[in-house]
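# sequence and predicted structure, then a few things I'm wondering about:
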Amino acid sequence: MASSLIRRAALGLGALAMAGSALTLTAGSASAASGGGCNGETWKQACVSADGGSVRFDVHARLATTDPNCRLELVRIDATDGWVDRVLSGPCNQWDRTAWLPNPSRGHAYKSELRVYWNGGEHPYDYIQSPLLNW
């Protein structure tokens, strides 16, 4: 009787330990990122954050221009290896855009960039970058 009780208690503790280690493993991807956030003013802002197992890139613009040549661009940047991805583009006005990077590389640092091409074309442009998000 006593050995049966001890055996059940040992099995219960073993199951509890396995459940605890499973929780620890699943929390790994969510807690892997540090830093990030937003940079800029309310009229021109770039943000980067962890969104589950992805990196989320956000840009916001409230520009007081009616120039039809002016355009905006959301750029995803991996500051570790120099990867640059010009994702979304649109006219200069009220503009809020989001892009994601699924399965980011461990040990890499990411940031978003909002580019403002005041006169259209490719150059010159103003920009604002988010703080770095370390994955």
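That came through fine. Computed from a predicted model, the values in this text were never measured in an experiment.
# where does pLDDT dip in the protein?
1-32 (pLDDT under 70).
# that's a helix at Glu84, yeah?
Slight slip there: residue 84 is Val, not Glu. No. Going by DSSP: H, G, I helix; E, B strand; the rest coil, the assignment for Val84 is strand, not a helix.
# which non-adjacent residue is nearest it?
The shortest distance from Val84 to any non-neighbouring residue, by Cβ to Cβ, 6 or more residues apart in numbering, is to Ile77 (5.5 Å). All C-beta atoms are positioned from the backbone trio N, CA, C, and that covers glycine.
# who are the contact partners of that neighbour?
Contacts for Ile77 were tallied using Cβ atoms under 8 Å, 6 or more residues apart in numbering; they are 83-85, 110-113, 129.
# okay, domains of the chain per the record?
The chain breaks down into these domains under automatic domain parsing: 1-31, 34-134.
# from these, which stretch is densest packed?
Greatest average neighbour count among the domains of the chain goes to domain 34-134 (a mean of 16), per mean count of other Cβ atoms under 10 Å.
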